[in-house]
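Trainee: dropping the sequence and predicted coords here.
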Amino acid sequence: LMRQGRLDEAERLALATADDVEPRISRASKAELGVWGRLLIRGSSAAARNNRPREARDMLRLARTAGAALGGGVASYPYGWGKFDWSTVAFQAVENQVVAEQPKRVLGLSARIPAVGTAATANTWNRHRLDVAQAHVLLRQADDATDVLAALHRAAPEWLRHQQMARETFERSLKVSGRRKLTTRQRELAAFFGVA
């Protein structure tokens with residue numbers, strides 16, 4: 001539904017299902033907390049994209065409850081939604097702020113997420129770093145955006161090659177940089193992304 005742009009339906013379905021499966025926190029298993037939390041995350045994402053920030057925040061607040069109830073644990077479901085813990089909620093909060101074009105909030109929230117100690121996969125962490133690069137571009141901090149993209153290029157070039165958002169972020173960073181002559185890093189990324 002999200003990929004089809006059916007945001008109202010996606011939000012309603014995620015929230016209705018989350019209501020149906022809402023566990024009793026004191027007795028809930030990790031799997032139950034994970035399913036409930038993931039549904040709330042999906043609903044929050046749909047609401048944020050549908051210009052419903054209050055609803056997105058409300059669902060994230062409930063998802064934080066699921067993450068907190070896990071303590072330091074991780075709920076894992078290998079056949080669909082993957083892993084869920086407190087960091088899943090934190091990453092979605094950052095993404096919602098990118099959608100809302102609130103780059104200072106993106107950077108503030110991101111600074112609270114440690115690079116270690118999360119259940120995030122490399123893909124999730126890299127996607128989060130792209131959100132950070134976008135925030136830097138929105139703040140006209142082209143060098144900072146370039147640094148993030150260069151780090152991703154070093155760490156995960158094959159993944160980065162397939163991220164249209166990364167290319168678009170880089171192109172926007174070039175526009176806001178105002179430089180006539182590209183830096184070495186910018187030239188390397190331009191060659192990598194095929195940007196003239």
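Mentor: Perfect, I can see it now. Predicted, not measured: the structure shown is a model, and the values here were computed from it.

Trainee: please make it C-alpha for all contacts and neighbour counts, starting now.
Mentor: OK.

Trainee: which strands or helices does the lengthiest helix in the chain pack on?
Mentor: Scanning the chain for the helix with the most residues, using DSSP state H, yields helix 30-49. For helix 30-49, the packing partners by 3 or more Cα pairs under 8 Å, 6 or more residues apart in numbering; DSSP states H and E come out as helix 7-21, helix 53-69, strand 75-77, strand 82-84, helix 86-99.

Trainee: if we use 7 Å, what do you get?
Mentor: helix 7-21, helix 53-69, strand 75-77, helix 86-99 (3 or more Cα pairs under 7 Å, 6 or more residues apart in numbering; DSSP states H and E).

Trainee: rank the ones you listed by pLDDT, which is bottom?
Mentor: Mean pLDDT is lowest for strand 75-77 out of the helices and strands packed on helix 30-49, coming in at a mean of 79.

Trainee: would you turn the helices and strands packed on helix 30-49 into CSV with mean neighbour count and distance to residue 38?
Mentor: Putting the helices and strands packed on helix 30-49 into CSV (neighbours: other Cα atoms under 10 Å; distance: least, Cα to Cα, whole Å) gives the following:
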stretch, mean neighbour count, distance to residue 38
helix 7-21, 17, 9
helix 53-69, 20, 7
strand 75-77, 18, 10
helix 86-99, 22, 8
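
Trainee: so who does the residue nearest the centre of the chain touch?
Mentor: Note on the chain: the residue nearest the mean C-alpha position is residue 95, at 4.1 Å, using Cα atoms, centre = their mean. When contacts are counted by Cα atoms under 7 Å, 6 or more residues apart in numbering, residue 95 touches residue 131.

Trainee: coming back round to it: so how far is the longest helix of the chain off the chain centroid?
Mentor: Offset of helix 30-49 from its chain centre (Cα atoms, centre = their mean, to the nearest Å): 13 Å.

Trainee: list the contacts of it.
Mentor: Residues from elsewhere that reach helix 30-49 (Cα under 7 Å, 6+ apart): 2, 7, 10-11, 14-15, 18, 21-23, 53, 55-57, 59-60, 63, 66, 70, 75-76, 84, 89, 92, 96, 99.
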